[in-house]
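>>> Generate a structure from the sequence data that follows.
(2 chains)
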Amino acid sequence: DTAVSQTPKYLVTQMGNDKSIKCEQNLGHDTMYWYKQDSKKFLKIMFSYNNKELIINETVPNRFSPKSPDKAHLNLHINSLELGDSAVYFCASSQASGGYEQYFGPGTRLTVT
Amino acid sequence: GDSVTQMEGPVTLSEEAFLTINCTYTATGYPSLFWYVQYPGEGLQLLLKATKADDKGSNKGFEATYRKETTSFHLEKGSVQVSDSAVYFCALVSRLGANNLFFGTGTRLTVIP
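Alright, predicted model coming up:
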């Protein structure tokens, strides 16, 4: 069984559309994250959730919103997509806060045309 | 703030060559340190970790030692293989407060037969 899964793997859409990326973890972890990896492979955290509470919210546009229906899921909603949103988005989870390693999903490659 | 500075690539080595990828960090307190690897077309996988000074993390022939005096966590392997070709990321997590994982910029390694 995949520990951290994401859907879809690829997403191609037009500017102005609204899209969602889903993430699920079956590790029983308390904290989940979203990262953005740009074309130069640079990774930056976007959000993290711990027990349904947002504990990190980096300076990302408010067009991006994480939604966690339960501890095992953290979905990423993106409104009014822009060309610059094209990137690979990774979901991750960790046992808890405080120095624990994070386990990553396979990534979703988003292309905005 | 917390940050990671990683040796820029790309790095190209012949099979069985010795590998070093330098990584230094800046952090408040005593972070946990990690090396992640991203194989082509895949997500990030944890390669090794160290959680306190002088700890040595090791996995698949790779090693890195947590050096508090030089704030470094250099990745080494004595004899690389073609299958080691990937992008390697140094990262830290502060154990103070939120579990924010800071990544270096990544180093692309290509091993040629």
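>>> Low-confidence bits of the chain, can you list those?
Unless you meant another one, I'm taking chain A. Chain A contains residues with pLDDT under 70 at A:1-2, A:52, A:56, A:58, A:97-99.
>>> that's the other chain; I wanted chain B
By pLDDT under 70, the weakly predicted segments of chain B are B:95-99.
>>> Flag every residue of it that's near chain A.
For chain B, the residues in contact with chain A (C-beta under 8 Å from any C-beta of the partner chain) are B:31-32, B:34, B:36, B:38, B:42-46, B:49, B:51, B:87, B:89, B:93-95, B:97-101, B:103, B:105-106, B:108. Every C-beta, even on glycine, is put in place using the N, C-alpha and C of the backbone.
>>> Apply 7 Å and report the result again.
Chain B comes close to chain A at residues B:32, B:34, B:42-44, B:46, B:49, B:51, B:87, B:89, B:93, B:95, B:98-101, B:103, B:105-106, as judged by C-beta under 7 Å from any C-beta of the partner chain.
>>> So which bits of chain A are right by chain B?
A:31, A:41-43, A:45, A:48, A:55-56, A:90, A:94, A:97-102, A:104-107.
>>> Buried subset of those, written for ChimeraX?
To isolate the buried members of those in ChimeraX, using 16 or more other C-beta atoms under 10 Å in any protein chain shown:
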select /A:31,41,43,45,48,55,56,90,94,97,99,100,101,102,104,105,106,107
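>>> Contacts only, for the residue lying closest to B:Cys23 once chain neighbours are set aside.
Leaving aside its chain neighbours, B:Cys23 sits nearest to B:Cys90 (3.5 Å; criterion: C-beta to C-beta, 6 or more residues apart in numbering or on different chains). Residues in contact with B:Cys90 (C-beta atoms under 7 Å, 6 or more residues apart in numbering or on different chains) are B:4, B:6, B:23, B:35, B:73, B:104.
>>> list the contacts for the residue lying closest to B:Gln6 once chain neighbours are set aside?
Spatial nearest neighbour of B:Gln6, chain neighbours left out: B:Gly104 (2.9 Å); criterion: C-beta to C-beta, 6+ apart. Counting by C-beta under 7 Å, 6+ apart, B:Gly104 makes contact with B:4-6, B:23, B:89-91.
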